[in-house]
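Novice: model the following, please.
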Amino acid sequence: MTHSVRMIAQALGAQAFGDLDIVVARAAEPSMAGPDDLALAMQPAYGAALSQGQARAAVVWPDADWQALGLKAAIIAPRARLAMARLTQLLDQPLDSAGISQHALIDPTAVIGKDVSIGAFSVIGPHVVVGQGTWIADHVSIASGVTLGSHCQIHAGVRLQRQVRLGERVILQPNVVIGGDGFSFVTEAPSNVEIARETLGAAGLNPPDDATWHRIHSLGGVVIGDDVEIGAGSTVDAGTIRPTYVGQGTKVDNLVQIGHNVRVGANCLLCAQAGVAGSSVIGDRVVVGGKAGIADNLRIGDDVVLGGGSVVLSNVPAGRVMMGYPATKMQTHIDSYKALRRLPRLLRDLVTR
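Specialist: Residues are numbered from 1 along each chain as shown. Below is the predicted model:
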């Protein structure tokens, strides 16, 4: 597909200057852009690279002297990443909607909406409901009784277990698993981990008389709100009795684990390799940085930001920025880190006195 500079500017809600009838076929980095590409030079640091390419048109930063940069047309992007979001949406290739493959296995009791696409070797179980316009790739399995809202995208290798309900426009990237059983076991008598937690490690630990772990089954399923996206290889475990819940507009990165009974609020971001242990509650608009962890049965308030690698071991009030292990207020963590770095010098000074 090709687009004129004028059409792109309208889609971005941005101002454009120069020859707005120039047609481009794709976006490119400034140094690699050809005459039919739209160069992305949305920050001054990328301006010099335009001379290394052949772009006639580019998306540039405010106040850029686009004519001096050798361009014939320019689109002004005051907020670069927002422009990137709208531009990539415009230029992305549409999904291959070939209807329902003859190699898909669909139970006769399943209800399939209009304009649904189902790929080869996908299995749709009994009493499944698939909403209008939903796209299901190859090798997807959907268990009995699952409900998918309209216009969802379910990519290859996704597994939806029983008692899962998806809202509208949900995107599940390859190999997502929703609704697997939670990691929940119990011993006949209090286990060593329970004793250690209750006594904060003060009590001695001995081999138990019966170390058998008894499985607690997960009956509650999972509810995913509208406009949620979950990245490749991530998992959301089923609740024990009530559903695990992910609120509308929340975006989950690759390789994230959301444990059983967790409630994640609306418009949150959970970055790669983050983990949320069972029964914790996360408020709205919370950002969980990469490799951050949240212990079980905690409450994280609205608008909290957890820095990458943080480990939260206690409740966090709304509006806090937390870092470290255990996670503390960002300024406290920075002060502690600075003090730790000064220790060798302080010890050296003490020894020499």
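
Novice: tell me the bridge partners for the spatially closest residue to residue 91 that is not a sequence neighbour.
Specialist: Leaving out its chain neighbours, the residue that sits closest to residue 91 by C-beta to C-beta, 6 or more residues apart in numbering is residue 27, at 5.9 Å. (Each C-beta comes from the backbone N, C-alpha and C, glycine too.) On the basis of DSSP bridges, residue 27 is bridged to residue 38.

Novice: check residue 27 and give its pLDDT.
Specialist: In the predicted model, residue 27 carries a pLDDT score of 96.

Novice: pretty sure it sits against residue 34.
Specialist: No - using C-beta atoms under 8 Å, residue 27 is not in contact with residue 34; the gap is 11.5 Å.

Novice: more neighbours, these two?
Specialist: residue 27 (18 against 14; other C-beta atoms under 10 Å).

Novice: now the more buried one: how far from residue 8?
Specialist: Between residue 27 and residue 8 the distance is 9 Å, computed by C-beta to C-beta, to the nearest Å.

Novice: overlap of the contact sets of those two?
Specialist: Taking C-beta atoms under 8 Å, 6 or more residues apart in numbering as the contact rule, residue 27 and residue 8 both touch 38, 87.

Novice: so where is the stretch 251-353 of the chain shaky, pLDDT-wise?
Specialist: 353 (pLDDT under 70).

Novice: quick one: the strands in it?
Specialist: 251-252, 257-258, 263-264, 269-270, 275-276, 281-282, 287-288, 293-294, 299-300, 305-306, 311-312, 321-323, 328-329 (DSSP state E, counting those that start in this stretch).

Novice: mean neighbour count added to the ones you listed, as TSV?
Specialist: What follows is the strands of the stretch 251-353 of the chain, written out as TSV (neighbours: other C-beta atoms under 10 Å):
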stretch	mean neighbour count
strand 251-252	22
strand 257-258	24
strand 263-264	23
strand 269-270	22
strand 275-276	23
strand 281-282	23
strand 287-288	23
strand 293-294	24
strand 299-300	20
strand 305-306	24
strand 311-312	20
strand 321-323	21
strand 328-329	16
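
Novice: would you list those in a markdown table and tack on distance to residue 42?
Specialist: Formatted as a markdown table, the strands of the stretch 251-353 of the chain follow (distance: least, C-beta to C-beta, whole Å):
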| stretch | distance to residue 42 |
| --- | --- |
| strand 251-252 | 22 |
| strand 257-258 | 34 |
| strand 263-264 | 31 |
| strand 269-270 | 22 |
| strand 275-276 | 34 |
| strand 281-282 | 32 |
| strand 287-288 | 23 |
| strand 293-294 | 34 |
| strand 299-300 | 33 |
| strand 305-306 | 25 |
| strand 311-312 | 35 |
| strand 321-323 | 27 |
| strand 328-329 | 33 |
